[in-house]
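*Asks:* Got a predicted model here, sequence first, then my questions.
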Amino acid sequence: MSRDAAGIRLTEWDYAHEAMVTAIFHEKPHKQVAYEIFYPTGPFAILPMLDDEAGRHRSAIVWSVSRAEAPVYKKLSPRGMAHEIEKAMGGLLGEIEMNAPVMGYPLNFQHANRITDTRMVLVGDAAHGMHPIAGQGLNLGLRDVAALAQVVVEGMRLGLDPGNAQILERYTRWRSLDVQTVMMATDTLNKLFGIPGKTASAARRVGLAAVQRMKPIKNFFMAEARGESGNLPKLLQGLPV
């Protein structure tokens, strides 16, 4: 990879979990609502998709399980896997049928020690990989691309070459704090929700209930989840660069 050739090292650790990704048909409409259920074994995300041509309701599933358990799930028949998914969803969307095979992806934390080199920039997964809890990987990648587009365009308007060191330095300053903050937050969330036991579960319920009642804090977390917080690039504000 270009990152390796440039001698850019990673800070990384293994979560010893695997994300099982698939798509399902379900009886009840999702109404364009995404859900994430937090189990001690890992988060279970339900992501709305468009209905198929026959009008059947569909969603994507991202289910984090321990790496030791993943092969057991993947050996299940489609009917058996549908049963496990329906059980994990608690009947939220009614009866389930499989719409795609189950794919597994190992989960780990990866953060590049720097995100630029001579005439080179890292964005998205090349710069950072994180646990899919709260679905922040895509948001970070979009902010990377939008920020890069903005600093390059604004630099070129000043007569600078797109690979100019000043442009790359501005990109680094803009993205570094946002990336580090989100990555450490998702890592902490994963660890907090992974603590077993009734006491830890009760503490999480109290904390979530408190956030639900406090509108400013709730709005803050909702903005973070949507990727709408912080110093957003113009493209993500719907503005021309």
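*Replies:* Perfect, I can see it now.
*Asks:* what sits against the most centrally placed residue in the chain?
*Replies:* The centroid of the chain falls nearest to G135 when counting by Cα atoms, centre = their mean (2.6 Å). G135 makes contacts with 34, 36, 45, 47, 225, as judged by Cβ atoms under 8 Å, 6 or more residues apart in numbering. C-beta here means a position set from N, CA and C on the backbone, and glycine is covered the same way.
*Asks:* Check A146 too.
*Replies:* Contacts of A146 by Cβ under 8 Å, 6+ apart are 232-236.
*Asks:* thinking again about what came up before, narrow the contacts of G135 to just the buried residues.
*Replies:* 36, 45, 47 (16 or more other Cβ atoms under 10 Å).
*Asks:* Confirm the last one sits in a helix?
*Replies:* No - when classified by DSSP: H, G, I helix; E, B strand; the rest coil, L47 is found to be strand rather than part of a helix.
*Asks:* per-residue pLDDT, it?
*Replies:* Looking at L47, its pLDDT reads 94.
*Asks:* the residue most distant from the middle of this protein, which is it?
*Replies:* Outermost residue of the chain (Cα atoms, centre = their mean): G159, 36.6 Å.
*Asks:* where's that one, which helix or strand?
*Replies:* Counting by DSSP states H and E, no helix or strand carries G159.
*Asks:* ok so, going back, now the buried ones among the contacts of G135 in CSV, with distance to K28?
*Replies:* Shown next, in CSV, are the buried ones among the contacts of G135 (distance: Cβ to Cβ, whole Å):
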residue, distance to K28
E36, 18
A45, 17
L47, 15
